[in-house]
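Student: Just the structure for this:
(one chain, ligands or ions: 1)
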Amino acid sequence: MPWLLFLVNVVSAMTSANEIADYFRNCLSSGSSVYLTSDPASVNATTPRWDLWSAPTYIVAVKPALRGDVQKVIEYASQKNIPFLTTGGGHGYSGTLGAIKDGIQLDMGNFNTVFVDADKNLMTAGGSLRFRDVAAAAHAKGKSTTIGACSCVGIGGATLGGGIGFYSGLYGAISDSLHSVDIVTGTGELLTASDTENQDLFWGIKGAGFNFGSVTSFTYRVHDQPNGGMVMNADMTFTGAQNASIWEFSKTMLGTQPPELSLVFAMRYDPEKSDIAIIVNAIYAGPLEDGKALLEPLLKLEPTNVAISYIPWKDAPDTAVYGITKMTCASSYTYVPHAINLYDINVEALSELTKHVYNVTSTTPAVQGTLFTFTQYASQGFRANSDANMTAKGRVGSSFPYREPTVFVQIDGLSFDPSSVDALDAFGNEIRAQLLELSGQNHLELYSNFARGDEGAEAWYGTENLPRLQALKARYDPKGLFSFYNPIGGGKQED
Ligand SMILES: Cc1cc2nc3c(=O)[nH]c(=O)nc-3n(C[C@H](O)[C@H](O)[C@H](O)COP(=O)(O)OP(=O)(O)OC[C@H]3O[C@@H](n4cnc5c(N)ncnc54)[C@H](O)[C@@H]3O)c2cc1C
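Tutor: Modelled structure (predicted):
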């Protein structure tokens, strides 16, 4: 009888969840917590997932307190063949995560301290901290570090994919500031990776770090705050008709923008105005008047709205784009991502694309939640930390491949209505393909942390990096335990 079979399945799943939970309760240190996910208490006690799309499912959530506890969780899951996922800030959204069914959430929430040693210019952050935590700590000591655009995103997950943010023009990728990490690898080893220890692993962690283990702490080099810790945040709104001038500005800036300046061009359909709205956000880590002068070509276009403020850098993520990212932090979304890197701006083709976006979004309510963002930083920071330059300094380079002027394009399919998902997905896919075609590039490349999950390891990590990364995988995670978030391949999960 099917219902009987169903009942048996449910009971056996519950039993195995109980077995797992009991095992961890017995063997983990007293500061650890273990939850059955069927227990409502687990919801508030563990890090929620931001994206509701392609979500992994868990039967047990564990919050280890010590590195040795993390090791026990990994070893047990490995022995019992149970899929698990390490989570930090909960903002990872790649569709590859949906492959985890009835797994274990290895929630790093107890690794939550941050310490800034101002004399040594080092900051050590636990594996679950968010941009806002490290920004507040560094700023309080007069230091700065690269953080991303949304204060609630985990700096750990961002770092492991490379990490990009408004200080990237100065300091490069977030992972370029890494001094060392403490990691429990897929082989169960407790290792430190740095310029002097396990150097090859350190190289892989800085860009493809999801693939090798659970990181309990990240130590970053921090810098004296530029411009006394103040930045200009400028938000300007333009109409759809002005799009060509905006792309023109983006093109002029690509490769020439000063390291202190970061730019985001965000475009969406505004149903109230029945028009495309383009918001340009500029963050400038220098004197206010200098920042405004750089934006003169845009201000001359007479934006329909201008908001310029001069604020501590730690507050930039919550202020940027009229504070919209602060709002997106507040709740979970159904979010279907697509992304592509562009290395040049083709003004004419992008104007055509904008027209197409208008035509589709103005007539198709299901895709009106699509937000297009084009993010560009100066390349000095990225170049200074390239493999070649780091090797020349006797330090370990990085597997984050995007060192030349790059526009990180995201096609964010956002909705509160799950029934829009297919339409958003199809539209995002179509626009990504059009961007690839207009770019003239012969293959897709993108920042792995912006991935939908269908692009493949070469697109995320770079063709040249893959053999070295796969060799690291064979060494540090031969069973492929860490293969659910944009996997580099070579592990059991792909076999
Ligand atoms: C609203 C929003 C804004 C964003 N803005 C930026 C930005 O400005 N710059 C940028 O670079 N990225 C940005 N991202 C992308 C972000 O870097 C990724 O989503 C990242 O994976 C989030 O990390 P997390 O710890 O919050 O997420 P989680 O879902 O907790 O982790 C994502 C993955 O990282 C791995 N992971 C996380 N912590 C650990 C750990 N301690 N040890 C081992 N593995 C770990 C796991 O594989 C996990 O599946 C943004 C994402 C969102 C949703």
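Student: contact partners of stretch 72-79?
Tutor: With contacts defined as C-beta atoms under 8 Å, 6 or more residues apart in numbering, stretch 72-79 is touched by 20, 23-24, 27-28, 62, 64, 82-84, 104, 106, 184, 186, 188, 213-214, 479, 481. Yep, even glycine has a C-beta here, placed from its N, CA and C like the rest.
Student: Enumerate the residues of the stretch 301-450 of the chain near the ligand.
Tutor: Neighbours of the ligand within the stretch 301-450 of the chain, by C-beta under 6 Å from any ligand atom: 328, 449.
Student: Sorry, wrong one. I was asking about the stretch 1-150 of the chain.
Tutor: Counting by C-beta under 6 Å from any ligand atom, the stretch 1-150 of the chain sits next to the ligand at 50, 85-93, 108, 127, 148-150.
Student: try 8 Å
Tutor: Residues of the stretch 1-150 of the chain lying near the ligand by C-beta under 8 Å from any ligand atom: 47, 49-51, 85-94, 97, 108, 111, 127-128, 130-131, 147-150.
Student: Next one: residue 21 from the ligand, what distance?
Tutor: As judged by C-beta to the nearest ligand atom, to the nearest Å, residue 21 and the ligand stand 21 Å apart.
Student: host element of that residue?
Tutor: Here residue 21, judged by DSSP states H and E, is contained in helix 2-27.
Student: can you pull out the strands in the stretch 251-400 of the chain?
Tutor: 261-270, 275-284, 305-312, 334-342, 370-377 (DSSP state E, counting those that start in this stretch).
Student: So, low pLDDT: which residues of this structure?
Tutor: Where the chain drops to pLDDT under 70, the residues are 1-15, 490-495.
Student: try 50 this time
Tutor: In the predicted model of the chain, residues 1-12, 491-495 satisfy pLDDT under 50.
Student: Can you give me the domain assignment for it?
Tutor: Domains of the chain are assigned by automatic domain parsing as 2-107, 229-378+404-459.
Student: Helices along the stretch 201-350 of the chain, start to end?
Tutor: 243-253, 288-294, 296-299, 316-330, 347-363 (DSSP state H, counting those that start in this stretch).
Student: I'd like to know which of those is closest to residue 36.
Tutor: helix 316-330 (27.9 Å; C-beta to C-beta).
Student: packing partners for that closest one?
Tutor: Counting contacts by 3 or more C-beta pairs under 8 Å, 6 or more residues apart in numbering; DSSP states H and E, helix 316-330 packs against helix 131-140, strand 230-239, strand 261-270, strand 275-284, strand 305-312.
Student: Can I get those in CSV including distance to residue 255 and mean neighbour count?
Tutor: What follows is the helices and strands packed on helix 316-330, written out as CSV (distance: least, C-beta to C-beta, whole Å; neighbours: other C-beta atoms under 10 Å):
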stretch, distance to residue 255, mean neighbour count
helix 131-140, 27, 21
strand 230-239, 21, 22
strand 261-270, 12, 23
strand 275-284, 17, 23
strand 305-312, 25, 14
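Student: export these to TSV and tack on distance to residue 489?
Tutor: Formatted as TSV, the helices and strands packed on helix 316-330 follow (distance: least, C-beta to C-beta, whole Å):
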stretch	distance to residue 489
helix 131-140	30
strand 230-239	40
strand 261-270	32
strand 275-284	36
strand 305-312	43
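Student: Which of the ones you listed sits closest to residue 350?
Tutor: Nearest to residue 350, of the helices and strands packed on helix 316-330 and by C-beta to C-beta, is strand 261-270 at 9.8 Å.
Student: measure the residue lying closest to residue 17 once chain neighbours are set aside to residue 80 for me?
Tutor: Nearest residue to residue 17, sequence neighbours excluded (C-beta to C-beta, 6 or more residues apart in numbering): residue 59, at 4.0 Å. For residue 59, the distance to residue 80 (C-beta to C-beta, to the nearest Å) stands at 12 Å.
Student: Between the two, which is the more surrounded one?
Tutor: More crowded of residue 59 and residue 80, by other C-beta atoms under 10 Å: residue 59, with 21 against 13.
Student: residue contacts, that one?
Tutor: Counting by C-beta under 8 Å, 6+ apart, residue 59 makes contact with 13, 16, 17, 20, 36, 37, 38, 102, 103, 104.
Student: Also residue 300?
Tutor: Residue 300 sits next to no residue when contact means C-beta under 8 Å, 6+ apart.
Student: how about it, phi and psi?
Tutor: Per-residue torsions, residue 300: phi -60, psi -20 (degrees, to the nearest 10).
Student: same question, residue 77
Tutor: phi -60, psi -40.
Student: Over to residue 61?
Tutor: Backbone dihedrals for residue 61, given as degrees, to the nearest 10, come out at phi -120, psi 130.
Student: Thought residue 38 was touching it, still the case?
Tutor: No. In this structure residue 61 lies outside contact range of residue 38 using C-beta atoms under 8 Å: 10.7 Å.
Student: Mind checking which of those two has more residues around it?
Tutor: Set side by side, residue 61 and residue 38 show more neighbours around residue 61, with 25 against 12, by other C-beta under 10 Å.
Student: who does the more buried one bridge with?
Tutor: For residue 61, the beta-bridge partners under DSSP bridges are residue 35, residue 105.
Student: tell me the contacts of it?
Tutor: 34, 35, 37, 42, 45, 46, 104, 105, 107.
Student: Now do it against the ligand, distance only.
Tutor: Residue 61 is 12 Å from the ligand, by C-beta to the nearest ligand atom.
Student: picking up where we left off before, only whichever of the contacts of residue 61 are buried, select them in PyMOL.
Tutor: The PyMOL selection below is limited to those of those classed as buried (16 or more other C-beta atoms under 10 Å):
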select buried, resi 34+35+37+42+46+104+105+107
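Student: Just put the contacts of residue 61 in CSV and tack on distance to residue 202.
Tutor: Output for the contacts of residue 61, formatted as CSV (distance: C-beta to C-beta, whole Å):
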residue, distance to residue 202
34, 32
35, 33
37, 34
42, 34
45, 33
46, 29
104, 27
105, 27
107, 25
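Student: Just flag the most distant two among the contacts of residue 61.
Tutor: Greatest spatial distance among the contacts of residue 61 (C-beta to C-beta): 45 and 104, at 14.7 Å.
Student: How about the residues of the stretch 151-300 of the chain by the ligand?
Tutor: Proximity of the stretch 151-300 of the chain to the ligand (C-beta under 8 Å from any ligand atom) is limited to residues 152-158, 160-165, 173-174, 183, 209-210, 213-216, 218.
Student: can you rerun that using 6 Å?
Tutor: Applying C-beta under 6 Å from any ligand atom, we find that the stretch 151-300 of the chain lies next to the ligand at 153-154, 156-158, 160-161, 163-165, 210, 214-215.
Student: In helices only, show me the residues you listed.
Tutor: Mapping these onto helices (DSSP state H) picks out 156, 157, 158, 160.
Student: I'd guessed the last one sits against residue 213; true?
Tutor: If I follow you right, that is residue 160. No. Contact criterion C-beta under 8 Å: residue 160 and residue 213 do not qualify, at 10.1 Å.
Student: Those two: who's more crowded?
Tutor: For residue 160 versus residue 213, neighbours defined as other C-beta under 10 Å are more numerous around residue 160 (32 against 29).
Student: List the single closest residue to that one in space, sequence neighbours excluded.
Tutor: residue 209 (3.1 Å).
Student: Quick one: neighbours of the one you found, just the number.
Tutor: Neighbour count for residue 209, taken as other C-beta under 10 Å: 30.
Student: Tell me the spacing between it and residue 399.
Tutor: In this view, residue 209 and residue 399 are 8 Å apart by C-beta to C-beta.
Student: I'm done for today, thanks for sticking with me.
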